[in-house]
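**Q** starting from these lines, generate the structure:
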Amino acid sequence: MSRPGMGSKPTGKTLKVRVKTGKGRTASQKIWLERQLNDPYVHEAKRLGYRSRAAFKLIEIDDKYKFLKPGGRVVDLGAAPGGWSQVAAQRVKAEDGKGKVVAIDMHTVDPIASVIIFKKDFYDEDAPQVLIDALGGEKADCVLSDMAAHATGHKQTDHINIVALAEAGYDFARSILKPGGTYLAKVLRGGTEGQLLTLMKKDFTKVMHVKPMASRDGSAELFVLAIGFRG
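**A** Numbering: from 1, shown residues only. Just a heads-up that it's a prediction; the model follows:
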């Protein structure tokens, strides 16, 4: 497993913020809020105008593997709130009219400069053609998926659910990727993610797990990166 971005972690604030358990705030909510207030990636995302700290995960992975190229066509599955679409648009030079980024999500995504957004389920039968049409009639160079199912609190169930999403995204990617294209998706460490890699190796020349520095150390989060779609 590769971990890109070594040494690139933002320094953030030096003073640790502590949150009291106030009225109506549970202990778990207190822990979450305290973690957010002390997370250097959260502060850096706000400073740079990214919609989520997850933007840095894509930045780190692309800095190493360089699959978001100027002029590229990108599809972002489950794009809300839009951090990955923002990064993709910057990297493919969509604002300069060189590349195209199309985002799709069942939830509302606020407008993003130079990104075409669909409020739609990618499971819909017409979704592949809708996205290809939005890309100017060409298939995609890259399909991204930072999707995560709603957490149940049961680790194995959450793992199965998120791997199932990654598998669905993989099936979808095969229908809209160009030969030589890339698929990047979030999974959770838990056993069955290895089976997904084995499956994907049939369709891609290089498949690996990566864990960017922006993924929290205690998190089971991983990303599966598949390069060189055989078409």
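**Q** what about S219, how many neighbours?
**A** 10 (other CB atoms under 10 Å). In short, each C-beta sits where N, CA and C put it, glycine included.
**Q** pull the distance from the strand ranked longest in the chain to the chain's centre.
**A** Taking DSSP state E as the criterion, the chain has its longest strand at strand 177-188. Centroid separation for strand 177-188 versus its chain: 11 Å, with CA atoms, centre = their mean, to the nearest Å.
**Q** what's downstream of it, the next helix or strand?
**A** helix 193-200 (DSSP states H and E).
**Q** list the buried residues in the helix or strand just after that next one.
**A** The C-terminal neighbour of helix 193-200 among helices and strands, as given by DSSP H and E, is strand 204-210. Going by neighbour count (16 or more other CB atoms under 10 Å), the buried part of strand 204-210 is 204, 207, 209-210.
**Q** just list what strand 204-210 packs against, helices and strands only.
**A** Counting contacts by 3 or more CB pairs under 8 Å, 6 or more residues apart in numbering; DSSP states H and E, strand 204-210 is packed against helix 55-65, helix 193-200, strand 221-229.
**Q** same list (the ones you listed) but as JSON lines, adding mean pLDDT, distance to V109 and mean neighbour count.
**A** Output for these, formatted as JSON lines (pLDDT from 0 to 100; distance: least, CB to CB, whole Å; neighbours: other CB atoms under 10 Å):
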{"stretch": "helix 55-65", "mean pLDDT": "96", "distance to V109": "14", "mean neighbour count": "22"}
{"stretch": "helix 193-200", "mean pLDDT": "83", "distance to V109": "26", "mean neighbour count": "16"}
{"stretch": "strand 221-229", "mean pLDDT": "94", "distance to V109": "21", "mean neighbour count": "22"}
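**Q** adding distance to D141, write those out as a markdown table.
**A** A markdown table is the format used below for these (distance: least, CB to CB, whole Å):
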| stretch | distance to D141 |
| --- | --- |
| helix 55-65 | 12 |
| helix 193-200 | 17 |
| strand 221-229 | 9 |
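**Q** among the ones you listed, which is nearest I132?
**A** strand 221-229 (14.8 Å; CB to CB).
**Q** so what pLDDT did the residue nearest in space to the middle of the chain get?
**A** Nearest to the geometric centre of the chain sits D146, at 2.9 Å (CA atoms, centre = their mean). For D146, the pLDDT comes out at 93.
**Q** the least confident helix or strand in the chain by mean pLDDT: what's the following helix or strand?
**A** Using mean pLDDT, DSSP states H and E, the weakest-scoring helix or strand in the chain turns out to be helix 27-37, at a mean of 51. The helix or strand immediately downstream of helix 27-37 is helix 40-48, counting by DSSP H and E.
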